[in-house]
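K.L.:
dropping the sequence and predicted coords here.
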Amino acid sequence: MIEPKLKVPAELRDLTEKTIDQAEKAFSLFFDAASKSMATMPGAGTEISKQALSFTEQNMKAAFEHARKLVHATDLQEAMQIQSEFLRSQFTNAGEHMRQITGNVMSATKDAAKGKF
């Protein structure tokens, strides 16, 4: 069975790419501001918050890269393959992020308990 080609005008692809770039720049500014603001807040949960922000930033970068790939998909099969690869990598990354955050929370809890006794 022949997969029909996606007929998206070049102008629409260009506009979509520019929109993705603008959104990515806006998120980059947000993450820079959030990182700077966290640097001024000392506390036990600050490291975990920084890590969570870092993971969120990584996820957003992956989402923007995913969107760029989808813009250039030429048929439905390619789009589905791109989507499948993205979901697989996101699940893998989410599991790793949860393991790291859980480890840090456990470590912080142990450190806090040592300080109290």
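P.N.:
Happy to help now that I have it. Numbers count the residues shown, from 1 in each chain.

K.L.:
so Ile101 makes contact with Lys50?
P.N.:
No. Using Cβ atoms under 8 Å, Ile101 is not in contact with Lys50; the gap is 11.1 Å. Just so you know, the C-beta spots here come from the backbone N, C-alpha and C atoms, and that holds for glycine as well.

K.L.:
helices of this structure, start to end?
P.N.:
Remark: helices assigned in the chain by DSSP state H are 10-39, 46-71, 76-116.

K.L.:
what's the mean pLDDT across the shortest one?
P.N.:
Helix 46-71 shows a mean pLDDT of 92 in the predicted model.

K.L.:
got the angle for it vs helix 76-116?
P.N.:
180 degrees (axes from the mean of the first three to the mean of the last three Cα atoms, to 10 degrees).

K.L.:
name the helices or strands packed onto helix 46-71?
P.N.:
Under the contact criterion of 3 or more Cβ pairs under 8 Å, 6 or more residues apart in numbering; DSSP states H and E, helix 46-71 touches helix 10-39, helix 76-116.
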